[in-house]
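Peer 1: sequence first, predicted model second:
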Amino acid sequence: MDRGAPGANDPASARVDVWLWSVRQVKSRSAATAACRAGHVRINGETAKPSQHVKIGDEIRYRVQGFDRLLRVQRILIKRVGAPIAREAYTDFSPPRPTPLDAPAAIIRERGAGRPTKKERRQLDALRATRGSTVDIEHLLDED
């Protein structure tokens, strides 16, 4: 019998922690349960408990490594299957992760420099506010 082939034996629903584990979104079922308890899993916009059931068509938002994964359930699985079959069980609508070039650069101060002065803080705020546009950084930081 082929475990990956859809058939009449497919269940109508499954626990969300079991489903996340079976479609290989988490490494273990206990990790899926912990994610649900921590509030990182939402079903159709509402926080999910580990024992909450998912059905075909439900939208699952799963927060992993600081980014949200948006998944729509296409098939109910209760046993862990191979990666190609697991990918067919959901549709991924996740937005692409930002590249390191899109993320703001960390502002580094010299060790022992203390807290920024009011003037330095204003310059840093101005630098952060101009994230999308072109700015003359040397001119902004050299105003003393």
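Peer 2: Everything's here; your move. Numbering: from 1, shown residues only.
Peer 1: quick one: low-confidence ranges for this protein?
Peer 2: 1-10, 103-105, 130-144 (pLDDT under 70).
Peer 1: where exactly do the strands run in the protein?
Peer 2: 13-15, 41-43, 46-47, 53-55, 59-64, 67-73, 90-92 (DSSP state E).
Peer 1: for residue 29, find the nearest of those strands.
Peer 2: For residue 29, the closest of the strands of the chain is strand 13-15, at 9.1 Å, according to CB to CB. Quick note: C-beta positions are derived from backbone N, CA and C, even for glycine.
Peer 1: what pairs with that closest one, and is each one parallel or antiparallel?
Peer 2: Next to strand 13-15 in the sheet, as set by DSSP bridges, lie strand 53-55 (antiparallel).
Peer 1: so for the partner strand, what gets flagged as buried?
Peer 2: 53-54 (16 or more other CB atoms under 10 Å).
Peer 1: for it, what is the distance to the chain centroid?
Peer 2: Relative to its parent chain, strand 53-55 has a centroid offset of 20 Å by CA atoms, centre = their mean, to the nearest Å.
Peer 1: residues in contact with residue 61?
Peer 2: Residue 61 makes contacts with 41-42, 45, 68-71, as judged by CB atoms under 8 Å, 6 or more residues apart in numbering.
Peer 1: hey, which of the strands of the chain is tucked in deepest?
Peer 2: The highest average neighbour count among the strands of the chain, using mean count of other CB atoms under 10 Å, belongs to strand 41-43 at a mean of 22.
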